[in-house]
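Engineer: sequence unavailable; structure follows:
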């Protein structure tokens, strides 16, 4: 970079010169003068997240384009006090190698992720195109996905826990209903109760089918026992009648097992 008067005003410029050959003979040089404001405008036109930025460094280590105008025309290593990572980026660029590193940005005052891209100018020289992005912005989407996954996982665990709790509660209620119904039936068989109670399960799952089956069989046994009890009472009455010397009555009822 150098100062050159343009219309009476000194402008910071950079020149790219390319030799011309014809039939392997040197015939002249093509020179291109570019104001460094052009490079700064190019760097500023690239939007990297919210606070990310780009800058351009030539093969001599001079800053050709940066959104901070006070950096333009100065040596990068002078700005960063010969920082090891910037030095490594410039050294690798001379061999056409890219370089990445994490550093606290002196421009944005934020910890940032840097990527240095080396690209060839002419036959032997390489310039560096730097990209700087604050880590918090670079990882913003990843952090969102991570947080979303954690929250979604917690919600899923909570929902599964609710389903398990409801299922266990329903299971306990169904088991208790069947147990109570059977205990009531056994009290009826043991003459400890005069009535049976149906098992009240309205669901159509295995417990509902089991409850319906038990209710049907309990009802059949109850009807059969009442029929047998009626027969026994009839037999007792006739036996008592016969014991008094009367033989004109007969047992008309039949046991439920026949």
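Structural biologist: It's in. Just so we're clear, the structure is a prediction, and the values are computed from it rather than from any experiment.
Engineer: can you tell me how far residue 127 sits from residue 146?
Structural biologist: Separation of residue 127 from residue 146 (C-beta to C-beta, to the nearest Å) stands at 37 Å. (C-beta placed from N, C-alpha, C; glycine too.)
Engineer: ok, now residue 140?
Structural biologist: 11 Å.
Engineer: so which helix or strand takes in residue 103?
Structural biologist: Assigned by DSSP states H and E, residue 103 belongs to strand 99-104.
Engineer: residue 215 too?
Structural biologist: Counting by DSSP H and E, residue 215 is part of helix 206-243.
Engineer: pLDDT averaged over that helix - what is it?
Structural biologist: For helix 206-243, the mean pLDDT works out to 72.
Engineer: where's residue 154 relative to residue 161, distance?
Structural biologist: From residue 154 to residue 161 the distance is 10 Å (C-beta to C-beta).
Engineer: against which helices or strands is the host helix or strand of residue 53 packed?
Structural biologist: Assigning secondary structure by DSSP H and E places residue 53 in strand 53-57. Packing partners of strand 53-57 (3 or more C-beta pairs under 8 Å, 6 or more residues apart in numbering; DSSP states H and E): helix 36-45, strand 63-65, strand 125-134.
Engineer: out of those, which one sits most buried?
Structural biologist: Ranked by mean neighbour count, the helices and strands packed on strand 53-57 are led by strand 63-65 with a mean of 24 (mean count of other C-beta atoms under 10 Å).
Engineer: elements contacting it?
Structural biologist: Short answer (3+ C-beta pairs under 8 Å, 6+ apart): strand 63-65 packs on helix 36-45, strand 53-57.
Engineer: in JSON lines, list those along with mean pLDDT and distance to residue 10.
Structural biologist: Listed next are the helices and strands packed on strand 63-65 as JSON lines, based on pLDDT from 0 to 100; distance: least, C-beta to C-beta, whole Å:
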{"stretch": "helix 36-45", "mean pLDDT": "78", "distance to residue 10": "12"}
{"stretch": "strand 53-57", "mean pLDDT": "90", "distance to residue 10": "21"}
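Engineer: chain neighbours aside, what residue packs nearest to residue 140?
Structural biologist: residue 49 (7.7 Å; C-beta to C-beta, 6 or more residues apart in numbering).
Engineer: pull the number of nearby residues for the one you found.
Structural biologist: 12 (other C-beta atoms under 10 Å).
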